[in-house]
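1. Using only what follows, build the 3D model:
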Amino acid sequence: MVSSSDGTAPFDYPILKGQKALVTGANSGIGRATAVGLGRVGADVVVNYVAGKEDAEAVVREIQGLGVNAYAHEADVSSQDQVADMVSRMVQEFGTIDIMVANAGLQRDAALTDMTLDQWRKVLDVNLTGQFLCAREATKEFLRRGVVPKVSRSAGKIICMSSVHQVIPWAGHVNYAASKGGVQMMMETLAQELAPHRIRVNAVAPGAIRTPINRDAWATPQAEAELLKLIPYDRVGDPEDIANAVAVLASDYCDYVVGTTLYVDGGMTLFPGFATGG
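-> As a prediction, the model looks like this:
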């Protein structure tokens, strides 16, 4: 089962048994929790990473300890050739791919007038183009194989990892916000295009989650208190909260969910500043 920091778990049934999943950026944070979470509910998992081989191998061992198969694969998701090679190897090793979780992402923050073109391009290349490349390569295999009813009701699932900042502007992070806004429209367009082929494309949009990328926002009591002003549910999310959402969204329990963004944000997108009347 996929458990959270408070010990709760929404299910303990292998809802993805026999399915093959690839999670990009899976050696830390949300990606790590998602890869392990998919393994817990029965999927074999490819753990993608671009740096941190030892961390990726540790994730592989944790997943293998759950009784499923896993291996690590180094690839830069912004590289067309490396993504193609990664999916090709997966098809050779596991026979196919059923679930693509396009999670890899990064930040290069700066005020507009200080932001370099390299900072802008790097974030768009990884956060947006990387998801496009991963979706494209996975779709080729989905279309080749088609629906296998004993495995899943769909021919394949693509889950784009977005952010609340696909709809919430974020000053000082224009490259990141633009990339996530692009992810939303890309996901919806792909969902429209691929649905007739029984390929489901959706997104998960995390809010504030305890990961290394945003440690400064929650690592001290003072910082966490400020952050909680933005979260009506009054707690910071854990990576397992996202893993749970991905696992259910990838399963046949959500077979009729197409082109949807699932916000996992404790209510951050509810504009909490207006709770007292605005």
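
2. any idea how far the helix or strand of the chain with the lowest mean pLDDT is from the chain center?
-> Taking mean pLDDT, DSSP states H and E as the measure, helix 221-228 is the helix or strand of the chain with the lowest mean score, a mean of 90. Distance of helix 221-228 from the chain centroid (C-alpha atoms, centre = their mean, to the nearest Å) equals 25 Å.

3. again with stretch 135-150
-> Stretch 135-150 has its C-alpha centroid displaced from the chain centroid by 19 Å (C-alpha atoms, centre = their mean).

4. What residues of it count as buried?
-> Across stretch 135-150, burial judged by 16 or more other C-beta atoms under 10 Å covers 135, 136, 137, 138, 139, 141, 142, 145. No exception for glycine: its C-beta is placed from N, CA and C like everyone else's.

5. Let me have the residues you listed in JSON lines, extended by distance to residue 49.
-> Listed next are those as JSON lines, based on distance: C-beta to C-beta, whole Å:
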{"residue": "135", "distance to residue 49": "19"}
{"residue": "136", "distance to residue 49": "20"}
{"residue": "137", "distance to residue 49": "17"}
{"residue": "138", "distance to residue 49": "18"}
{"residue": "139", "distance to residue 49": "23"}
{"residue": "141", "distance to residue 49": "21"}
{"residue": "142", "distance to residue 49": "24"}
{"residue": "145", "distance to residue 49": "26"}
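
6. Nearest to residue 204 among those?
-> Taking C-beta to C-beta as the measure, residue 204 lies nearest residue 135 of the buried residues of stretch 135-150, at 14.4 Å.

7. Nearest residue to that closest one in space, please, no chain neighbours.
-> Nearest residue to residue 135, sequence neighbours excluded (C-beta to C-beta, 6 or more residues apart in numbering): residue 158, at 5.0 Å.

8. Can you give me the buried ones in stretch 245-254?
-> By neighbour count on 16+ other C-beta under 10 Å, the buried set for stretch 245-254 is 245, 246, 247, 248, 249, 250, 251, 254.

9. average model confidence for the strand or helix carrying the residue nearest to residue 135?
-> Using DSSP states H and E, residue 158 sits in strand 156-161. For strand 156-161, the mean per-residue pLDDT is 98.

10. Begin at 529 from now on, thanks
-> Sounds good: first residue 529 from here, last item strand 684-689.

11. Pull out the CA atoms of it and give them to me as CSV.
-> Output in CSV follows, covering the C-alpha atoms of strand 684-689 (Å, rounded to 0.1, in the frame of the first residue of the first chain):
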residue,chain,number,x,y,z
GLY,A,684,-1.8,3.3,-22.0
LYS,A,685,-1.7,6.1,-19.5
ILE,A,686,0.3,9.3,-19.5
ILE,A,687,0.4,11.3,-16.3
CYS,A,688,2.0,14.7,-16.6
MET,A,689,3.4,16.2,-13.4
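
12. For it, which helices and strands make contact with it?
-> strand 627-630, helix 658-673, helix 702-722, strand 727-734, helix 767-778 (3 or more C-beta pairs under 8 Å, 6 or more residues apart in numbering; DSSP states H and E).
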